[in-house]
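A.B. asks: My questions concern the predicted model and sequence given below.
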Amino acid sequence: MYENLKETLISRKDIYAGKIFNVHVDQVRLPDGKTAVREVADHCPCVAIVALDHENNVLTVTQYRYVFDRALLEIPAGKLEPGEDPATGALRELKEETGAVPDEFLPMGKLIPSPGCLGEELYLFLARGLHMESTQPDEDEFLVQERIPFDEMVHRCVRGEIEDGKTIAAVLKAKLLLNL
């Protein structure tokens with residue numbers, strides 16, 4: 001049904017290879033036979049977790065995001081290691097950033113954050129029944145942890161007070177799944 005939308009790679013020029021993403025410029029053949037250029041940043045797969053404590057508070061982290069020159073409130077998230085299972089990586093990231101270890105851990109699907117130019121898949125999870133242990137943030141990660149009532153998180157997402165896309169998507173998915 002959608003085969004007639006496919007673009008075919010003609011050539012690729014690698015521009016940059018970094019620690020977390022690679023950039024290339026592709027020339028493609030469009031469905032009508034014309035050509036176009038596609039600038040692509042390939043990023044490793046990532047995970048994000050809505051973690052709810054026993055009082056239905058969401059565990060959040062605030063961190064400075066250099067690209068936007070400000071601190072953003074987000075749910076715990078991070079990159080998967082090469083070949084790492086998304087659930088395993090999500091449990092690792094949750095513990096590293098918040099110290100939480102859940103009894104209940106459910107997948108909430110995946111999303112593609114910016115399909116026009118970013119080759120990234122982001123796996124979403126819901127964690128409940130949390131037991132708290134020590135945190136182990138990455139060496140270059142400076143986080144402020146906070147617990148925010150779930151209803152307040154939903155309202156902040158809807159009012160536009162939370163700008164992080166993964167946080168918005170995951171919180172609203174959790175609201176529908178939990179019927180809260």
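C.D. replies: Arrived safely, thanks for sending.

A.B. asks: pLDDT score for the nearest residue to Pro102 once chain neighbours are set aside?
C.D. replies: Leaving aside its chain neighbours, Pro102 sits nearest to Ala127 (3.7 Å; criterion: C-beta to C-beta, 6 or more residues apart in numbering). From N, CA and C alone the C-beta is placed, and that goes for glycine too. pLDDT for Ala127: 97.

A.B. asks: ok, now Val171?
C.D. replies: 97.

A.B. asks: Glu39 now?
C.D. replies: pLDDT, Glu39: 95.

A.B. asks: one step back: tell me the first helix or strand C-terminal of the host helix or strand of the residue nearest to Pro102.
C.D. replies: Using DSSP states H and E, Ala127 maps to strand 122-132. Sequence order places strand 144-149 as the next helix or strand after strand 122-132, per DSSP H and E.

A.B. asks: and that next one, what other elements does it pack with?
C.D. replies: The helices and strands touching strand 144-149, judged by 3 or more C-beta pairs under 8 Å, 6 or more residues apart in numbering; DSSP states H and E, are strand 57-65.

A.B. asks: The strand it packs on: what's the following helix or strand?
C.D. replies: strand 70-74.

A.B. asks: Pull the distance from that next one to the chain's centre.
C.D. replies: 14 Å (C-alpha atoms, centre = their mean, to the nearest Å).

A.B. asks: what do you get for stretch 24-43?
C.D. replies: Using C-alpha atoms, centre = their mean, the offset of stretch 24-43 from its chain centre is 25 Å.

A.B. asks: Please put the alpha-carbon coordinates of that stretch into CSV.
C.D. replies: The C-alpha coordinates for stretch 24-43 follow below in CSV (Å, rounded to 0.1, in the frame of the first residue of the first chain):
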residue,chain,number,x,y,z
HIS,A,24,25.6,11.6,6.9
VAL,A,25,24.1,13.3,3.8
ASP,A,26,22.3,11.0,1.4
GLN,A,27,21.1,11.6,-2.1
VAL,A,28,17.9,9.7,-2.7
ARG,A,29,15.6,8.9,-5.6
LEU,A,30,12.0,10.0,-4.9
PRO,A,31,8.9,8.1,-5.9
ASP,A,32,8.5,10.4,-8.9
GLY,A,33,12.0,9.7,-10.2
LYS,A,34,13.5,13.1,-9.1
THR,A,35,16.3,13.3,-6.6
ALA,A,36,16.6,15.0,-3.2
VAL,A,37,19.1,15.3,-0.3
ARG,A,38,18.5,13.9,3.1
GLU,A,39,20.6,15.1,6.1
VAL,A,40,20.6,12.4,8.8
ALA,A,41,21.9,12.1,12.3
ASP,A,42,22.0,8.5,13.4
HIS,A,43,21.7,8.1,17.2
